[in-house]
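Participant: Fold the following, please.
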Amino acid sequence: MNSKRVGLARALSKLGYCSRSQAVALIRAGRVRLNGTTRKDPEAPVRLHDDRIELDRRPVEAKSRIYLMLNKPRGVVTTASDEKNRKTVYSYLGDAQPWVGPVGRLDKASEGLLLLTNDSEWAARISDPRTHVDKTYHVQVGAMADEALEATLTQGVRAASGELLRAKQARVLRTGERNAWLELVLDEGKNRQIRRMFELVGIEVLRLVRIAVGPLHLGPLAKGEFRALTAGEKAAMDQAIKSSGTRPAGRKE
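Facilitator: Sure, this is the predicted structure:
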């Protein structure tokens, strides 16, 4: 078999064993052998389906693909470990759960739908800005909201760096005397995009909840709980990725 070559760290990730950064650490520690020889170069070339990879002298074989959704609580970080000893999303998965990595991020103060998987290629396709997979958020803000604010968010606000931040869609869900809830749809995935947009218009974000990624919806899943995607949900996301990859180029800034 004349399979394509990839770096050793990427090979471990593609096999669903661990994240690429974890693989790099294992390789540099001298725990990984390639075809019987210890290799400490994470970029050592590997024929994924032909070469033999061992960790601690045990063969590394492809793991069954796992696709999960978690309702991330507020105040939890989206990392495997944290230098400040803050609670991480992995504390909700249990010790028996095989390794999975997050698909994108939710910052500590944000909550809601987080996808996790050991299928690194699937995760990369969802996270790739070129696929424009929609992500839907419900946002509580400390201000009144109206059509003018909706228009501002969809037309975009420009950061001091010159970067234009905008929502694909924005609509007011409900408003009270001192705060309001809005629904925002993003298809760009820029860092802290929603919080930065509201900062630029002088409005405080009180809560930020992601309720959907593409066709996948959080639904009644309780905070801190997770479940496997159904076959239908996985197929729907695959179709969304495929369809978005054929869309015309997005708007120019």
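
Participant: Can I get whichever strand or helix holds E183 in PDB? Just the C-alpha atoms.
Facilitator: Per DSSP states H and E: E183 is located in strand 180-186. Listed next in PDB are the C-alpha coordinates belonging to strand 180-186 (Å, rounded to 0.1, in the frame of the first residue of the first chain):
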ATOM      1  CA  ALA A 180     -32.300  42.000  26.800                       C
ATOM      2  CA  TRP A 181     -31.700  38.700  25.100                       C
ATOM      3  CA  LEU A 182     -30.600  38.500  21.500                       C
ATOM      4  CA  GLU A 183     -29.900  35.600  19.100                       C
ATOM      5  CA  LEU A 184     -26.700  35.900  17.000                       C
ATOM      6  CA  VAL A 185     -25.500  33.600  14.300                       C
ATOM      7  CA  LEU A 186     -21.800  33.700  13.400                       C
END
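
Participant: what about it, distance to the chain center?
Facilitator: Offset of strand 180-186 from its chain centre (CA atoms, centre = their mean, to the nearest Å): 19 Å.

Participant: Please identify the buried residues of stretch 125-145?
Facilitator: Residues 125-126, 131-133, 135-141, 143, 145 are the ones in stretch 125-145 that count as buried (16 or more other CB atoms under 10 Å). Placement of C-beta: from N, CA and C, glycine included.

Participant: Name the residue closest to the centre of the protein, please.
Facilitator: Centroid check for the chain by CA atoms, centre = their mean gives G104 as the closest residue, at 1.7 Å.

Participant: confidence score at that residue?
Facilitator: With respect to pLDDT, G104 scores 86.

Participant: Parallel or antiparallel, which strands does the longest strand along the chain pair with?
Facilitator: Secondary structure of the chain per DSSP state E: the longest strand is strand 205-213. Strand 205-213 pairs in its sheet with strand 111-117 (parallel), strand 135-141 (antiparallel), strand 216-217 (antiparallel), by DSSP bridges.
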